[in-house]
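Peer 1: how does the following fold in three dimensions:
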Amino acid sequence: MGADQPLAAMIWLPSFASVLVVATLAVTALVPQLRAIPLFVFFVIVFPLEEALNSRRWCCYLRFPRSPAELRAAPRRFFDMLRDNQLTSLDGSANPLPIGCRLADACVLNAQSTEPDKNAVSIGLRLRYHVSAEDEEELLPGVGTLSAQHLDVFVKFQCGRGLKLWLQALRSAVAPGIAREVEFYRKLAGRVPQRVARPYYAGAAHWCNRVCIVLEHLGDASVVPDWSGGTEAQLRAVVVNVAAMHAKWWGRAAADAATSWIPARSGLDYAGFVTGFLRKEPVWLREIWRALQKYFASRVVTLVHGDCRLGNMFFRTRVAAAPVSTPSPTVAAAANTAHEDEEEAHEEEEVIFGDWEAVNIGPALWDFA
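Peer 2: Numbers count the residues shown, from 1 in each chain. Next comes the predicted model:
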């Protein structure tokens with residue numbers, strides 16, 4: 001450019017990069033379907049970079065720990081996160097950690113467990129704390145905690161579902177901001193009729209595909225493996241409780257503001273990904289799928305758990321009293337009338353619904369199939 005060229009011309013000559021940015025913004029604004037392209041490019045670069053930095057311990061802290069190792073390295077930071085969060089909106093109850101309390105120590109309740117198919121890791125912890133500085137004993141960590149109170153928690157970390165990084169990037173670009181289980185505990189845990197683990201913290205860092213959920217520790221509750229099958233009482237407890245949720249949201253789930261983050265609105269929207277999988281399948285199979293879509297298009301939808309199976313439930317057996325049925329006159333005449341009002345003990349199953357990663361809006365049949 002010549003030295004005698006006016007300054008105004010130099011200012012208004014756009015660079016190639018600026019033209020490219022403006023063109024990209026214009027295209028994505030005019031064609032919403034293409035908005036995932038620049039997001040995909042962003043995530044496919046950021047995800048591997050974040051993984052590499054984290055593997056070398058160069059990555060800065062998120063607002064929550066990424067893994068059990070990071071939690072164990074800085075337990076006080078984790079405790080302060082729970083204390084200062086002061087959640088009152090997740091399930092309507094106040095934070096169990098009083099303001100100003102300080103961590104005494106943390107010990108493992110359950111060995112670390114992994115779910116390779118989900119790239120998820122979980123751990124159970126007991127957090128012992130002093131309510132105030134006056135109660136805190138100036139002793140070595142782990143000693144003199146007899147006066148401390150405690151809170152038992154279950155911490156779940158997740159990063160994708162075992163997908164390759166570029167596939168995780170594609171998923172994040174297509175559905176930005178969606179972390180289903182986090183959103184469930186933030187917006188729906190206090191509104192579903194069945195028992196769920198009390199949430200203490202639910203956070204997600206979408207840009208690096210990280211999730212951290214802290215729930216109450218369910219202690220002696222047991223999980224029934226899917227392959228072993230459950231008892232009649234356990235199956236009845238699951239069906240009755242999930243049916244209560246279906247009834248509460250029947251025909252109203254799509255219109256409720258608390259479910260606005262769920263993309264599915266009607267019919268088989270929740271299973272829309274199936275269409276892509278069937279493109280190379282035989283014609284008859286695609287026709288069956290289209291027939292199912294047509295059939296369910298006009299059917300009432302509700303809030304569904306999405307992965308309603310025994311392996312995602314926690315059970316506690318409790319003893320309850322129930323009055324003995326009134327005997328017939330003939331039997332009563334022959335029986336000892338002193339026992340007419342006697343109560344007999346029987347066992348009931350309490351079920352706590354877990355693993356809300358697949359919560360969705362769809363036909364109630366999905367949870368019962």
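Peer 1: the strands in the stretch 51-200 of the chain, which residues?
Peer 2: Remark: strands assigned in the stretch 51-200 of the chain by DSSP state E, counting those that start in this stretch are 102-115, 120-130, 149-158, 199-205.
Peer 1: closest to His217 out of those strands?
Peer 2: strand 149-158 (3.6 Å; Cβ to Cβ). Where C-beta positions appear, they are placed from N, C-alpha and C, glycine not excepted.
Peer 1: just checking: what are the partner strands of the closest one?
Peer 2: Within its sheet, strand 149-158 is paired with strand 120-130 (antiparallel), strand 210-216 (antiparallel), according to DSSP bridges.
Peer 1: give me the contact list for the first one.
Peer 2: Contact partners of strand 120-130, identified using Cβ atoms under 8 Å, 6 or more residues apart in numbering, comprise 67-68, 71, 75, 79, 82, 97, 101-115, 136-137, 145, 147-159, 217.
Peer 1: just for the stretch 201-350 of the chain, where's the confidence low?
Peer 2: 319-347 (pLDDT under 70).
Peer 1: which parts of it are helices?
Peer 2: Applying DSSP state H, counting those that start in this stretch to the stretch 201-350 of the chain gives helices spanning 232-249, 273-277, 283-297, 329-334.
Peer 1: where are the low-confidence patches of the stretch 1-150 of the chain?
Peer 2: 1-44, 47, 50-51, 53-61, 86-93, 116-119, 133-147.
Peer 1: can you pull the contacts of the nearest residue to Glu350 once chain neighbours are set aside?
Peer 2: Sequence neighbours aside, Arg316 is the residue nearest to Glu350 in space, at 4.4 Å (criterion: Cβ to Cβ, 6 or more residues apart in numbering). Residues near Arg316 by Cβ under 8 Å, 6+ apart: 220-222, 349-350, 352.
Peer 1: same question, Val223
Peer 2: Counting by Cβ under 8 Å, 6+ apart, Val223 has contacts 310-311, 313-315.
Peer 1: let's see 10 Å
Peer 2: 310-315, 352, 354 (Cβ atoms under 10 Å, 6 or more residues apart in numbering).
Peer 1: before we move on, the earlier item: please tell me how far the residue nearest to Glu350 sits from Glu349.
Peer 2: Distance, Arg316 to Glu349, using Cβ to Cβ, to the nearest Å: 7 Å.
Peer 1: equivalent analysis for Phe368, please.
Peer 2: Taken as Cβ to Cβ, the span from Phe368 to Glu349 is 18 Å.
Peer 1: and for Ala297?
Peer 2: 37 Å.
Peer 1: so those two - more neighbours on which side?
Peer 2: Glu349 (18 against 11; other Cβ atoms under 10 Å).
Peer 1: isn't the more buried one up against Arg195?
Peer 2: No. Contact criterion Cβ atoms under 10 Å: Glu349 and Arg195 do not qualify, at 11.4 Å.
Peer 1: between these two, which contacts overlap?
Peer 2: 237, 316.
Peer 1: which residues does Ala264 contact?
Peer 2: Per Cβ under 10 Å, 6+ apart, neighbours of Ala264: 253-254, 270-272, 301, 304, 360-362.
Peer 1: ditto for Ala369
Peer 2: With Cβ under 10 Å, 6+ apart, Ala369 has these contacts: 308, 363.
Peer 1: that'll do, ta.
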